[in-house]
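>>> 3D model of this:
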Amino acid sequence: EYLEAFEKMANLATASSIQGRNIKIHAPLLMLSKDSIIKKGLELGIDYSDTISCYDPNPLGASCGKCDSCTIRKSAFSSLKLKDPIIYE
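The predicted model follows:
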């Protein structure tokens with residue numbers, strides 16, 4: 001619902017939409033589990049050491065390891081029997 005509402009707002013409030021070039025928001029990962037997202041990323045060659053999921057990283061960019069996003073990410077890597085390559089505090 002949020003993405004649909006945002007798309008509608010963007011198509012009312014941007015110059016490109018006024019000129020007939022509507023914005024379409026695509027969210028292909030929205031319905032996937034974190035495990036599935038990680039698997040898909042690996043298939044596509046994503047370097048997960050260049051990614052971050054943390055809601056509250058420290059000033060140096062290290063993930064907190066405690067927020068919901070960190071917990072879900074760590075759990076997904078663990079369930080896939082993979083080492084998460086990022087640095088946690």
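
>>> Surely residue 83 is in contact with residue 77?
Yes. In this structure residue 83 lies within contact range of residue 77 using C-beta atoms under 8 Å: 6.9 Å. No exception for glycine: its C-beta is placed from N, CA and C like everyone else's.

>>> more neighbours, these two?
For residue 83 and residue 77, the more surrounded residue by other C-beta atoms under 10 Å is residue 77, and the numbers stand at 18 against 9.

>>> Now for that one: which residues touch it?
Shown here is residue 77, whose contacts under the criterion C-beta atoms under 8 Å, 6 or more residues apart in numbering are 38, 83, 84.

>>> For residue 65, see how far away it is.
Here the distance between residue 77 and residue 65 works out to 12 Å (C-beta to C-beta, to the nearest Å).

>>> now swap in residue 89 and tell me
Here residue 89 is placed at a distance of 6 Å from residue 65 (C-beta to C-beta).

>>> Equivalent analysis for residue 39, please.
To residue 65, residue 39 is 22 Å away according to C-beta to C-beta.

>>> distance of the residue lying farthest from the centre of the chain from residue 11?
Among the residues of the chain, the one whose C-alpha is farthest from the average of all C-alpha positions is residue 19, by C-alpha atoms, centre = their mean at 30.5 Å. With distances taken as C-beta to C-beta, residue 19 is found 11 Å from residue 11.

>>> Check residue 44 too.
When C-beta to C-beta is the yardstick, residue 44 and residue 11 sit 29 Å from each other.

>>> For the lowest-mean-pLDDT helix or strand in the chain, buried residues please.
Ranked by mean pLDDT, DSSP states H and E, the helix or strand of the chain with the weakest confidence is helix 15-18, at a mean of 82. Along helix 15-18, the positions that meet the burial threshold by neighbour count (16 or more other C-beta atoms under 10 Å) are residue 17.

>>> of the contacts of residue 77, closest to residue 73?
Closest approach between the contacts of residue 77 and residue 73, by C-beta to C-beta: residue 84, at 6.5 Å.
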